[in-house]
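Colleague: any chance you can model this:
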Amino acid sequence: MRRDGGFPITTDTAQDYIIYVRAGGFAPASRYVPQEAPTLPLKFTLAPGRNLQGTLLDENDRPVAGADIHLGFSITEHFSMPPGNMLGAKFGSDEDSGYYLLPSAHSDIHGHFLFIHLPDYRFYLTITASGFHSIEDFAAVPSETPQLITIRHLGKITGHVIRQRDGKPVRQFFLEIMSHEHFDLEGMHKSHDGSFCVYENDNDQRSSPASLSIEAPGCMLTRVENLFFAPDAKPLTIRLPAAGKLTGQVIDKQSGKPLVGVAISTKNSPVGDMWDNLSLPGIPAAKTITDKRGMFALVARRIPLPVLTVHKAGYGRVEMHDVNITTPVQVTLERGATITGIVNSTLLLPVSTFPQAIPATTSKNSPAQDRSPWKYFSVRVTLSTTRTEVFDGPPNADGSFSVTDLASGSYLVAEGDAPEITVQVSAGQTVDINHRN
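Modeller: Predicted coordinates for the structure are as follows:
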């Protein structure tokens with residue numbers, strides 16, 4: 001900038017610009033310059049900068065330190081923009097909300113915060129602090145008088161997890177909160193003293209009871225009901241009992257002899273869910289195989305076990321529900337059945353066109369189209385019973401599918417949007433379904 005306050009600006013491309021001018025002790029000034037504007041000297045008048053300050057207090061009038069305060073102003077309130085102007089993309093504003101975001105400040109030990117050298121605009125504050133509800137779009141104007149802002153504590157559920165047998169802390173556990181008839185998954189917790197603290201997600205959770213579920217290696221799943229989120233919640237002490245054990249034997253139905261090498265595993269619902277033992281990180285899966293006598297012993301972290309799966313290649317897969325772990329179980333396996341078929345060709349996409357759709361100019365019945373290999377599909381094949389899903393996946397490269405090791409019974413077969421078909425199979429039987437048009 002020259003001594004007379006003038007300055008030159010050279011641009012390489014013809015486009016719209018916004019010119020910002022800043023100087024110490026003054027509020028920044030800006031000017032929108034469209035590309036068709038005449039080449040004339042632009043005049044900027046700098047006004048003395050003003051301060052915006054405030055004090056953050058909790059609901060008990062105690063100062064809140066360490067809060068993040070983000071300052072923004074409305075683009076539409078302070079600029080007259082032509083349609084299609086891309087201010088957000090060029091200058092880092094929040095284009096969806098129409099706010100231009102400025103640097104942030106932090107509250108000190110007295111709850112004070114300060115922004116200096118601001119123009120005389122109406123600003124909007126976004127305030128976040130650990131353990132508190134966030135505040136958004138709080139309108140404020142520069143003033144020599146600090147604004148008092150109240151920020152509310154979040155409700156919480158807190159406590160310690162210990163082992164029932166010896167009172168020692170559980171340093172790693174999987175925790176889940178359920179409220180409002182839906183799961184708020186918290187995930188794996190690690191703590192040297194077994195402590196945890198879960199904050200509410202929204203204001204409505206305070207008025208609704210919540211349930212807490214905790215699962216840890218070597219321990220039984222434990223649930224605590226009728227808990228409430230509260231800012232001053234008293235710490236809970238949750239004692240986890242040791243995991244139980246399920247024992248049993250697997251035999252061949254036809255010969256009556258024990259079966260060795262049968263895979264035994266558990267899951268927590270017929271379709272599996274976020275609590276499935278096989279998917280919990282840090283917690284060993286509950287699975288084993290039978291010995292030469294067909295015997296097995298399995299760690300059980302739930303009473304009863306929601307689902308016990310028993311499977312050996314060539315035999316029908318068996319699922320037992322709500323299994324009592326206090327008495328040994330005997331499982332009988334018989335030869336597995338098979339369901340095969342070919343999906344409807346109108347539901348297939350040739351590999352040459354995936355993932356793009358078939359071009360509108362290409363006829364589906366053209367010779368070139370008919371010769372394309374059917375290697376990728378827009379359809380999935382699903383086999384299920386009334387209680388569980390047995391198979392869900394795409395067909396083979398030629399449109400065929402084959403699901404083996406099915407137990408005797410009735411299955412629903414679905415191919416994409418086609419109507420479901422009920423198929424009855426017996427031990428060792430192969431049922432073929434052919435639906436190609």
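Colleague: what about the helices in the stretch 251-400 of the chain?
Modeller: 367-370 (DSSP state H, counting those that start in this stretch).
Colleague: where does it have low pLDDT?
Modeller: Low-confidence segments of the stretch 251-400 of the chain, defined by pLDDT under 70: 268-285, 344-379.
Colleague: burial of T10, as a residue count?
Modeller: 4 (other C-beta atoms under 10 Å). For the C-beta atoms, the positions are set from N, CA and C on the backbone; glycine is no exception.
Colleague: ok, it to Y17 distance?
Modeller: 12 Å (C-beta to C-beta, to the nearest Å).
Colleague: same question for L56.
Modeller: Noted for L56: a distance of 38 Å to Y17, by C-beta to C-beta.
Colleague: same deal with T422?
Modeller: Computed as C-beta to C-beta, the T422 to Y17 distance reads 69 Å.
Colleague: do the same with G316
Modeller: 73 Å.
Colleague: so between those two, which is more surrounded?
Modeller: Neighbour count, other C-beta under 10 Å: between G316 and Y17, G316 has more, with 23 against 15.
Colleague: so which residues of the stretch 1-150 of the chain form strands?
Modeller: Secondary structure of the stretch 1-150 of the chain by DSSP state E, counting those that start in this stretch: the strands cover 17-21, 29-33, 50-57, 68-74, 99-106, 112-118, 123-128, 135-140, 147-150.
Colleague: same for the first one, what does it pack against?
Modeller: Pointing back at strand 17-21 there. For strand 17-21, the packing partners by 3 or more C-beta pairs under 8 Å, 6 or more residues apart in numbering; DSSP states H and E come out as strand 29-33, helix 87-91.
Colleague: ok, now with 7 Å
Modeller: Other elements packing on strand 17-21 under the criterion 3 or more C-beta pairs under 7 Å, 6 or more residues apart in numbering; DSSP states H and E are strand 29-33.
Colleague: the fourth one now?
Modeller: When contacts are defined as 3+ C-beta pairs under 7 Å, 6+ apart, strand 68-74 sits against strand 99-106, strand 123-128.
Colleague: repeat that with 10 Å
Modeller: Under the contact criterion of 3 or more C-beta pairs under 10 Å, 6 or more residues apart in numbering; DSSP states H and E, strand 68-74 touches strand 50-57, strand 99-106, strand 112-118, strand 123-128, strand 135-140.
Colleague: out of those strands, which is closest to H192?
Modeller: Nearest of the helices and strands packed on strand 68-74 to H192, taken as C-beta to C-beta: strand 123-128 at 27.7 Å.
Colleague: and the closest one, what's buried?
Modeller: Neighbour-count burial for strand 123-128, counted by 16 or more other C-beta atoms under 10 Å, picks out 123-127.
Colleague: quick one: contacts of it?
Modeller: Residues external to strand 123-128 that are found in contact with it (C-beta atoms under 10 Å, 6 or more residues apart in numbering): 52, 54, 56, 64, 67-74, 77, 97, 99, 101-102, 104-105, 107, 113, 115, 133-142, 147, 149, 151.
Colleague: tilt between that strand and strand 68-74?
Modeller: Here strand 123-128 points in a direction 150 degrees away from that of strand 68-74 (axes from the mean of the first three to the mean of the last three C-alpha atoms, to 10 degrees).
Colleague: strand 123-128 pairs with which strands, and in what direction?
Modeller: Next to strand 123-128 in the sheet, as set by DSSP bridges, lie strand 68-74 (antiparallel), strand 135-140 (antiparallel).
Colleague: buried residues, the last one. List them.
Modeller: Spelled out, it's strand 135-140. By 16+ other C-beta under 10 Å, the buried positions in strand 135-140 come out as 135, 140.
Colleague: then stretch 334-341?
Modeller: For stretch 334-341, by 16+ other C-beta under 10 Å, it's 334-337, 339, 341.
Colleague: tell me how far the residue lying closest to F115 once chain neighbours are set aside lies from K257.
Modeller: Leaving aside its sequence neighbours, F115 sits nearest to L52 (C-beta to C-beta, 6 or more residues apart in numbering; 4.5 Å). Using C-beta to C-beta, L52 is found at 84 Å from K257.
Colleague: who has more neighbours out of those two?
Modeller: Using other C-beta under 10 Å as the criterion, L52 and K257 rank with L52 on top: 21 against 9.
Colleague: need the contact partners of the helix or strand hosting I238.
Modeller: I238 belongs to strand 236-240 when assigned by DSSP states H and E. For strand 236-240, the external contacting residues (C-beta under 10 Å, 6+ apart) are 157-165, 167, 170, 173, 175, 194, 196, 212, 214-216, 218-224, 227, 301.
Colleague: first vs last residue of stretch 62-73, how far apart are they?
Modeller: Chord length of stretch 62-73, first to last residue, is 28 Å (C-alpha to C-alpha, to the nearest Å).
Colleague: kindly report the same for stretch 118-128.
Modeller: From its first residue to its last, stretch 118-128 covers 22 Å (C-alpha to C-alpha).
Colleague: do the same with stretch 301-314
Modeller: By C-alpha to C-alpha, the extent of stretch 301-314 from end to end equals 30 Å.
Colleague: which positions within it qualify as buried?
Modeller: Buried, per 16+ other C-beta under 10 Å, within stretch 301-314: 301-302, 305-312.
Colleague: can I get the residues you listed in CSV with distance to A418?
Modeller: As requested, the buried residues of stretch 301-314 are exported to CSV (distance: C-beta to C-beta, whole Å):
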residue, distance to A418
R301, 40
R302, 38
L305, 36
P306, 31
V307, 29
L308, 33
T309, 28
V310, 32
H311, 28
K312, 32
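Colleague: out of these, which sit inside strands?
Modeller: Under the assignment DSSP state E, the buried residues of stretch 301-314 contribute 305-311 to strands.
Colleague: and those, which two are furthest apart?
Modeller: Farthest apart among these by C-beta to C-beta are P306 and H311. That separation is 16.9 Å.
Colleague: A139 is in contact with the residue nearest to F115, correct?
Modeller: No. Applying C-beta atoms under 10 Å as the test, L52 and A139 come out as separate, 11.2 Å apart.
Colleague: that's a helix at R206, yeah?
Modeller: Yes. Assessed with DSSP: H, G, I helix; E, B strand; the rest coil, R206 lies in a helix.
Colleague: for it, give its distance to L154.
Modeller: With distances taken as C-beta to C-beta, R206 is found 10 Å from L154.
Colleague: many thanks, have a good one.
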